[in-house]
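Q: Got a predicted structure here, sequence first:
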Amino acid sequence: MSRTVVVVGSSIGGVRAAQALRSEGFDGRVVLVGEEAQAPYDKPPLSKQFLAGEWDADRTLLLSEEAAERAGIELRLGVAATRLDVAGRQVLLADGSRLDYDAVVIATGAAARPSPWRPGSGVHVVRTLQDSQALQADLQHDGPVVVVGGGFIGAEVAGTARGLGREVTVVDPLPTPIGRVVGPEIGRYFTELHHRHGVSTRFGVGVEEITGSAGDLRVRLTDGTELPAGTVVVGIGAVPNDGWLADSGVPIDNGVLCDEYSRAVDAPDVYAIGDVARWFHPGHREHVRVEHWTNAVEQGMCAAHNITHPDDLRSYRPVEYVWSDQYDWKAQIVGRPTRGTRHELVGDLAGEKPRAAALYTDDTGRLCGAVTVNWPKALAQSRRLVTEGATFDDAMARVSALPPPAARPAPVPAAGGRP
Amino acid sequence: MPVLKADFGACQGYANCVDAAPDVYDIDDDGVVVLLKEEISDEERPRIEEAARSCPVSALMIEDA
Ligand SMILES: Cc1cc2nc3c(=O)[nH]c(=O)nc-3n(C[C@H](O)[C@H](O)[C@H](O)COP(=O)(O)OP(=O)(O)OC[C@H]3O[C@@H](n4cnc5c(N)ncnc54)[C@H](O)[C@@H]3O)c2cc1C
Ligand code: SF4
């Protein structure tokens, strides 16, 4: 009898999981459910190339109708899943219909943490295509931009807005926001990167209140200063879209709680992947939730494998990997740098278009993570070394031995605002 | 046999392909993907397809010869 897999969530994780089912040889029915009506699209360009106006929406497309049809993926777009009936093996949809499943993949991702400050208008978050479109429209107007949140998305939006000619200030209560991911020392280079491109930072200071409306906003900080703004962008993190599972019996703990095979705990044939999944990482021996593009893809593939080959279960133990394009930096981060106790730099991070790698180690002497800037070769190397469990000394030797920067200019980053 | 193609201009050096299929994809010193093979067998196609789909800018294609 033919089996049915329902994939809920039609962005990168859901789409890649549906495609991977076919690559794995699954020959039953695959249904992809998505709340948003438009064709599945990708998110990283929404703070970069798309926001800058360099890419149109077509270039963010993940799965066209034709490609879905070719792969035998049934699309149910524009309708949210509202409930999961684990005992009855059904997904309930907002239009009242029900989908029977033999296995379900939860790929509902995360939503932007809403702004706690709500003036009349002019405050944006960036998570969906619509969000990015709305922000893009406001960035066309003159007037200073205040970005609240100095993490990856905030920093990318600041770079893009600067590239569009806006005057930009980034505010964050942490003294070195990216330091959360790369440690305070390397984090400071990310702060300097803003300054070098004429973007001001107010780090270590919170936002008290935002008043006014689009084009005429005032952002009052906790130290009493007030920043005038035409547009405000709030990038203060994301929250998993797990609310629709509340009464399903699927265990939720800031994400869907899963075992090492990405199966929801105590809910047979329920899998969760991507930003919404909190699974047991057998390498780290703890539950983790990761909001990175590559994680959604790799976990989707792993779940597809496990659904198709239940007698050959694969545990999911990825090495973390995320990139962020900011100004003239292509930053790539692998592993868990902040678990390190010390790091060393190969190359130099100062000045225009630097090329460098910071390698991190902990007390065990292993390489536990790396941050590279404008040096994909070193990133690829470090990623392999972290996967292999290489020692720090070995990693330092290998990365140092990579050929020095070529005479050719580094590849031009695609996103806006990067000279 | 399936043929590998890459859009070298689109490649951004994200290196996911290299991690997924190091026997087929590599990255050069300037951070641009290198195809280590021109053709692959039908048996390895699913695996390489997944590696190609891990490219964040869809720079990798597999075409029927
Ligand atoms: C602006 C931006 C820039 C980014 N840049 C980078 C980057 O440079 N590098 C990087 O590694 N990562 C980046 N990320 C993170 C990366 O995009 C995410 O990790 C990734 O999108 C997660 O994929 P996902 O499929 O798990 O979830 P999501 O992308 O959140 O997709 C979830 C989908 O499920 C749908 N959905 C939600 N609830 C329901 C429901 N009840 N029923 C049906 N459908 C539902 C949503 O509409 C959405 O389409 C960025 C994210 C953003 C927002
Ligand atoms: S994954 Fe894509 S962007 Fe990254 S190196 Fe390979 S081809 Fe280039």
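A: Good, I have the coordinates. Ligands and ions are numbered 1, 2, ... in the order given.

Q: Stretch A:297-311 vs ligand 2: in contact?
A: No: Stretch A:297-311 lies out of reach of ligand 2 by C-beta under 6 Å from any ligand atom, never closer than 10.4 Å. C-betas here are computed from N, CA, C, even on glycine.

Q: That stretch and ligand 1, are they touching?
A: No: contact of stretch A:297-311 with ligand 1 is not found when judged by C-beta under 6 Å from any ligand atom; the minimum separation is 7.7 Å.

Q: Contacts for that stretch, please.
A: With C-beta atoms under 8 Å, 6 or more residues apart in numbering or on different chains as the test, stretch A:297-311 has contacts from A:5, A:12-14, A:16-18, A:20-21, A:23-26, A:103, A:105, A:107, A:261-263, A:271, A:273-274, A:277, A:279, A:312-314, A:316, A:318, B:16, B:50, B:53-54.

Q: any idea of the mean pLDDT for it?
A: Throughout stretch A:297-311, pLDDT has a mean value of 97.

Q: my guess is residue A:395 meets residue A:358, correct?
A: No: using C-beta atoms under 8 Å, residue A:395 is not in contact with residue A:358; the gap is 11.3 Å.

Q: which residues do those two both contact?
A: Common contacts of residue A:395 and residue A:358, defined by C-beta under 8 Å, 6+ apart, comprise residue A:370.

Q: Could you measure from the closest residue to ligand 1 within the stretch 301-419 of chain A over to residue A:274?
A: Closest to ligand 1 within the stretch 301-419 of chain A is residue A:322: 4.1 Å, counting by C-beta to the nearest ligand atom. According to C-beta to C-beta, to the nearest Å, residue A:322 stands 13 Å off from residue A:274.

Q: Between those two, which is the more surrounded one?
A: residue A:274 (33 against 18; other C-beta atoms under 10 Å in any protein chain shown).

Q: Quick one: residues contacting the spatially closest residue to residue A:129 that is not a sequence neighbour.
A: Excluding the flanking residues, the one nearest residue A:129 by C-beta to C-beta, 6 or more residues apart in numbering or on different chains is residue A:41, at 5.4 Å. Residue A:41 sits next to A:11, A:57, A:60-62, A:129 when contact means C-beta under 8 Å, 6+ apart.

Q: Now, of those, which are buried?
A: A:11, A:60, A:62, A:129 (16 or more other C-beta atoms under 10 Å in any protein chain shown).

Q: where does the third one land on pLDDT?
A: Translated: residue A:62. We have a pLDDT of 97 for residue A:62.

Q: what's the answer for the first one, then?
A: Residue A:11 is assigned a pLDDT of 98 by the prediction.

Q: now the last one
A: Reading off the per-residue confidence, residue A:129 sits at a pLDDT of 98.

Q: ok, it to ligand 2 distance?
A: 21 Å (C-beta to the nearest ligand atom, to the nearest Å).

Q: Quick check: that residue touching residue A:46?
A: Yes: using C-beta under 8 Å, residue A:129 is in contact with residue A:46, at 6.6 Å.

Q: Now the common contact residues for those two.
A: Counting by C-beta under 8 Å, 6+ apart, the common neighbours of residue A:129 and residue A:46 are residue A:60.

Q: Can you tell me which of the contacts of residue A:41 lies closest to ligand 1?
A: Closest approach between the contacts of residue A:41 and ligand 1, by C-beta to the nearest ligand atom: residue A:11, at 3.0 Å.

Q: so what's that closest one up against?
A: A:34, A:40-43, A:62, A:107, A:109, A:274, A:296.

Q: And the strands in chain B, which stretches?
A: B:3-6, B:25-27, B:33-35, B:60-63 (DSSP state E).

Q: At the geometric centre of chain A, which residue do we find?
A: residue A:292 (3.7 Å; C-alpha atoms, centre = their mean).

Q: is the longest helix seen in chain B anywhere near chain A?
A: As assigned by DSSP state H, the longest helix anywhere in chain B is helix B:45-53. Yes: if you take C-beta under 8 Å from any C-beta of the partner chain as the test, helix B:45-53 does meet chain A, through B:46-47, B:49-50, B:53.

Q: For residue A:167, which non-adjacent residue is spatially closest?
A: Residue A:167's closest residue in space is residue A:144 (C-beta to C-beta, 6+ apart), at 4.4 Å.

Q: For that neighbour, list the residues it contacts.
A: A:166-169, A:227-230.

Q: Is it possible to mark the buried ones in the residues you listed?
A: Using 16+ other C-beta under 10 Å, the buried ones in the contacts of residue A:144 are A:166-169, A:227, A:229-230.

Q: Retrieve the pLDDT associated with the residue in chain A that chain B sits nearest to.
A: Among the residues of chain A, residue A:376 lies closest to chain B, at 3.2 Å counting by C-beta to the nearest C-beta. You'll see residue A:376 listed with a pLDDT of 95.

Q: So chain A: which segments form each domain?
A: A:4-111+A:239-308, A:114-236, A:328-400 (automatic domain parsing).

Q: Name the residues of the longest helix of chain B that are buried.
A: Under the neighbour-count criterion of 16+ other C-beta under 10 Å, helix B:45-53 has B:45, B:48-53 buried.

Q: How about stretch A:70-77?
A: Within stretch A:70-77, the residues scored as buried using 16+ other C-beta under 10 Å are A:71, A:73, A:75-77.

Q: Next: stretch A:131-141.
A: Of the residues in stretch A:131-141, those buried (16+ other C-beta under 10 Å) are A:131-132, A:135-136, A:138-139.

Q: Let's see which of these end up in helices.
A: With DSSP H as the criterion, helices contain A:131-132, A:135-136, A:138-139 from among those.

Q: can I get those residues in a markdown table with distance to ligand 2?
A: Below are those laid out as a markdown table (distance: C-beta to the nearest ligand atom, whole Å):
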| residue | distance to ligand 2 |
| --- | --- |
| A:131 | 25 |
| A:132 | 21 |
| A:135 | 25 |
| A:136 | 24 |
| A:138 | 30 |
| A:139 | 27 |
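
Q: before we move on, back to that, ChimeraX command to pick out the buried ones of the contacts of stretch A:297-311?
A: Of those, the buried ones go into a single ChimeraX selection, burial set by 16+ other C-beta under 10 Å:
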select /A:5,12,13,14,16,17,18,20,21,23,24,26,103,105,107,261,262,263,271,273,274,277,279,316,318 /B:16,50,53,54
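
Q: out of the contacts of stretch A:297-311, who's near ligand 1?
A: The subset of those within reach of ligand 1, by C-beta under 6 Å from any ligand atom, is A:12-14, A:107, A:274.

Q: Run through the residues of chain B sitting next to chain A.
A: Counting by C-beta under 8 Å from any C-beta, the residues of chain B near chain A are B:11-16, B:18-19, B:22, B:27-32, B:46-47, B:49-50, B:53-54, B:56-57.

Q: Compute the number of surrounding residues for the residue in chain A that ligand 2 sits nearest to.
A: Minimum separation of chain A from ligand 2 (C-beta to the nearest ligand atom) falls at residue A:376, amounting to 6.6 Å. Per other C-beta under 10 Å, the neighbour tally for residue A:376 reads 26.
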